[in-house]
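J.: here are the coordinates; sequence isn't available:
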């Protein structure tokens, strides 16, 4: 099996021995360059695998390798640094820029304003240097929580954690709505099928039965959420997820029949929260309700872009659209207000990709707000497209641990 960059990092750290590993940790904590690593977070790590996870989650995969080699050289472990560099290059793990005609060029992003027909859309080209981004990796398996970890965290913070029902007795449900095909063929959300696959796999791994609906009108989305809120299984559940992926506009999510001649085919965003609130969904009172929405929140980019290239000259990225105002839920939105979120035509959206990547690696030991923070950091360090996800109106009173596998 081909080794990942994490595997190479673990192998390099294992080669250090206890004394040099201690020096490595001290040097890591002493770094003055942001993002910095807290000493308390490093000292509690007993295994090199956990240290490799910390490096990747803090710096991203690419930069974690650079930081590791920098520290190895600083503490005099030059041979280990050279072997790490060599192993990664031999294994092909390091992301490489594209080479054409002996000149290096970075893949360029394609941006399309999802609420407007294709001829009216303008493409946006990033001015980021080649090779300065790390795309999501959704291929890793979901790491399961250990019973020892669950028992320990419940002993330490039991009153601060939402109750998690026994796996054999609970009936967790998640709703996944994905609009891909629209009446206007230009609005087809290429790559959204991959998002659906990745999200469904993650949710099932977390112990949720997934209710899937595809290609719905605004009214059909409303009815689907209302029906989901009325499911009797919620009374025997400890939480729920609702994921919606579509085009949209400022205060609404677009149905598949939306267009100039049918501008009312939308789902008002407030309806999502209204159907799931305490009055309309009493079975979920005092239980975490997680809302994830992949879509844009306007037509502006997160930084200055050059908008003069044709879409087929770019990087197979498209954008979606939306926004919401509500309370009593924990929500993660795919971008900040008035900016775009990006979706690869083959691999799916950055939002779902980074979210699945982070949850696979760390849902076994981190609560959901910490997981969301890690997703936000992945966007901060993603060089080629300045999209930033937005954690919105979090009102959870306790910590929500998913404890996958338990």
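T.: Arrived safely. Nothing here was measured: the structure is a model prediction, and the numbers come from that model. Residues are numbered from 1 along each chain as shown.
J.: how about the residue nearest to the spatial centre of the chain, what does it touch?
T.: The centre of the chain sits closest to residue 355, judged by Cα atoms, centre = their mean, with a distance of 1.7 Å. Contacts for residue 355 (Cβ atoms under 8 Å, 6 or more residues apart in numbering) come out as 202, 292, 332, 375. In this view, the C-beta of every residue, glycine as well, is placed from N, C-alpha and C.
J.: report the contact partners of the first one.
T.: Residue 202 makes contacts with 142, 355, 356, 359, 360, as judged by Cβ under 8 Å, 6+ apart.
J.: how about the contacts of residue 355, which pair is most distant?
T.: Of all pairs drawn from these, the greatest distance, 13.5 Å, lies between 202 and 332 (Cβ to Cβ).
J.: in the stretch 101-250 of the chain, which spans are helices?
T.: According to DSSP state H, counting those that start in this stretch, the stretch 101-250 of the chain carries its helices in the segments 147-157, 192-205, 218-229.
J.: of all those helices, which one is nearest residue 265?
T.: The nearest among these, by Cβ to Cβ, is helix 218-229 at 4.7 Å.
J.: can you list the buried residues in the closest one?
T.: Within helix 218-229, the residues scored as buried using 16 or more other Cβ atoms under 10 Å are 218, 220, 221, 222, 224, 225, 228, 229.
J.: with stretch 45-52 instead?
T.: 48, 49, 51, 52.
J.: do stretch 272-286 as well
T.: Across stretch 272-286, burial judged by 16+ other Cβ under 10 Å covers 272, 273, 274, 275, 276, 277, 281, 284.
J.: in JSON lines, list those residues along with distance to residue 74.
T.: Compiled in JSON lines, the buried residues of stretch 272-286 are given as follows (distance: Cβ to Cβ, whole Å):
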{"residue": "272", "distance to residue 74": "50"}
{"residue": "273", "distance to residue 74": "51"}
{"residue": "274", "distance to residue 74": "56"}
{"residue": "275", "distance to residue 74": "56"}
{"residue": "276", "distance to residue 74": "52"}
{"residue": "277", "distance to residue 74": "54"}
{"residue": "281", "distance to residue 74": "55"}
{"residue": "284", "distance to residue 74": "52"}
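J.: looking at those residues, which are in helices?
T.: Judged by DSSP state H, helices contain the following of the buried residues of stretch 272-286: 272, 273, 274, 275.
J.: this protein: strands as residue ranges?
T.: Along the chain, the segments classed as strands by DSSP state E run 98-100, 103-105, 173-178, 209-214, 240-245, 248-249, 252-254, 266-268, 289-294, 317-320, 330-333, 341-344, 348-349, 390-392.
J.: residue 284 touches residue 241, doesn't it?
T.: No - in this structure, residue 284 is not within contact of residue 241 by Cβ atoms under 8 Å, at 11.4 Å.
J.: pLDDT weak spots in the stretch 51-200 of the chain?
T.: 90-134 (pLDDT under 70).
J.: how about 90 then?
T.: Along the stretch 51-200 of the chain, the parts satisfying pLDDT under 90 run over 52-66, 85-137, 139-140, 185-191.
J.: buried sites along stretch 176-184?
T.: Of all the residues in stretch 176-184, those buried under the rule 16+ other Cβ under 10 Å are 176, 177, 178, 179, 180, 182, 184.
J.: cool, and stretch 364-372?
T.: So for stretch 364-372, counting by 16+ other Cβ under 10 Å, buried means 364, 365, 366, 367, 368, 371, 372.
J.: cool, and stretch 242-255?
T.: For stretch 242-255, burial by neighbour count (16+ other Cβ under 10 Å) applies to 242-250, 252-255.
J.: go on, stretch 199-218?
T.: Neighbour-count burial for stretch 199-218, with 16+ other Cβ under 10 Å as criterion, is recorded at 199-203, 205-208, 210-211, 213, 216-218.
J.: okay, now the closest residue to residue 283 other than its chain neighbours: neighbour count?
T.: Leaving aside its sequence neighbours, residue 283 sits nearest to residue 234 (Cβ to Cβ, 6 or more residues apart in numbering; 3.6 Å). By other Cβ atoms under 10 Å, the residues close to residue 234 number 23.
J.: so who does residue 234 touch?
T.: Residue 234 neighbours (Cβ under 8 Å, 6+ apart): 173, 240, 281, 283, 284, 287.
J.: again with residue 225
T.: Per Cβ under 8 Å, 6+ apart, neighbours of residue 225: 175, 177, 242, 271, 272, 275, 276.
J.: so which residues of the stretch 251-400 of the chain form helices?
T.: Here the stretch 251-400 of the chain has its helices, by DSSP H, counting those that start in this stretch, at 269-275, 350-362, 368-380.
J.: with mean pLDDT added, can I get those in CSV?
T.: Shown next, in CSV, are the helices of the stretch 251-400 of the chain (pLDDT from 0 to 100):
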stretch, mean pLDDT
helix 269-275, 89
helix 350-362, 92
helix 368-380, 87
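J.: who wins for proximity to residue 84 among those?
T.: Among the helices of the stretch 251-400 of the chain, the nearest to residue 84 by Cβ to Cβ is helix 350-362 (20.1 Å).
J.: hmm, residue 35 is touching residue 55, no?
T.: No - using Cβ under 8 Å, residue 35 is not in contact with residue 55; the gap is 11.0 Å.
J.: higher neighbour count, the two?
T.: residue 55 (24 against 12).
J.: and the nearest residue to residue 67 once chain neighbours are set aside, how many neighbours?
T.: Among residues not flanking residue 67 along the chain, residue 59 sits closest, at 5.4 Å (Cβ to Cβ, 6+ apart). For residue 59, the count of nearby residues is 20 (other Cβ under 10 Å).
J.: residue 65 versus residue 59, what's the distance?
T.: Here residue 59 is placed at a distance of 9 Å from residue 65 (Cβ to Cβ, to the nearest Å).
J.: alright, calling it a day.
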